[in-house]
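Asks: what follows is a predicted protein model with its sequence.
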Amino acid sequence: QVQLVESGGGLVQAGDSLRLSCAGSGRTFSSNAMGWFRQAPGKEREFVIAISGLGTTTYSADSVKGRFTISRDNAKNTMYLQMNNLKPEDTAVYYCAARGNPVRSTKKSEYNYWGQGTQVTVSS
């Protein structure tokens, strides 16, 4: 069982940066690939970015390429999402998620564990 807790959300202006954190429980944190998803009002939850269990590979959605970076510190059981040059369309609740294996995925159906979400609001 893995429990996830996000933090770091808030209200920022367009062009600002923000870093989200996701703290996970479990003794084998590195065996879980992890990802960030987001859900805007009235929209489906969508994939943002993912990282493999050891942090050696990442993959991001086209909408955030070049602006968002994912990383993890397995010694601290923590994953990070660095968001730069934020845009109003990035406004959403951001969820971290973990898979039951170390291979990263873009599909939310392949993630077994989810955090409660943290709100990110970008004003223009």
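Replies: Structure received. Values in this document were obtained by computation on a predicted structure and should not be read as measured data.

Asks: please count neighbours and contacts with C-alpha atoms only from this point.
Replies: Will do.

Asks: is it fair to say Ser63 lies in a strand?
Replies: No. Counting by DSSP: H, G, I helix; E, B strand; the rest coil, Ser63 is located in no strand; its state is helix.

Asks: the spatially most central residue of the chain: what's it in contact with?
Replies: Nearest to the mean C-alpha position of the chain, by Cα atoms, centre = their mean, lies Trp36 at 2.4 Å. Contact criterion Cα atoms under 8 Å, 6 or more residues apart in numbering gives 47-50, 81, 94-97 as the residues in contact with Trp36.

Asks: that's a helix at it, yeah?
Replies: No. The secondary structure assignment for Trp36 gives strand rather than a helix, going by three-state DSSP.

Asks: which pLDDT value goes with it?
Replies: Per-residue confidence (pLDDT) for Trp36: 98.

Asks: and for Ala92?
Replies: The predicted structure scores Ala92 at 98 on the pLDDT scale.

Asks: ok, Gly9 next?
Replies: According to the model, Gly9 carries a pLDDT of 96.

Asks: tell me how far it lies from Ser123.
Replies: In this structure, Gly9 and Ser123 are 14 Å apart, going by Cα to Cα, to the nearest Å.

Asks: please apply the same query to Arg67.
Replies: Arg67 sits 17 Å away from Ser123 when distances are taken as Cα to Cα.

Asks: so where do the strands sit in the chain?
Replies: Taking DSSP state E to define them, one finds strands in the chain at 4-7, 10-13, 18-24, 34-39, 46-51, 58-60, 68-73, 78-83, 92-98, 113-114, 118-123.

Asks: and these: which comes nearest Arg104?
Replies: Judged by Cα to Cα, the one of these that comes nearest to Arg104 is strand 46-51, at 5.5 Å.

Asks: chain center to the closest one, what's the gap?
Replies: From the chain centre to the centre of strand 46-51 is a distance of 6 Å (Cα atoms, centre = their mean, to the nearest Å).

Asks: buried residues in it, which are they?
Replies: Of the residues in strand 46-51, those scored as buried under the neighbour-count criterion (16 or more other Cα atoms under 10 Å) are 46-51.
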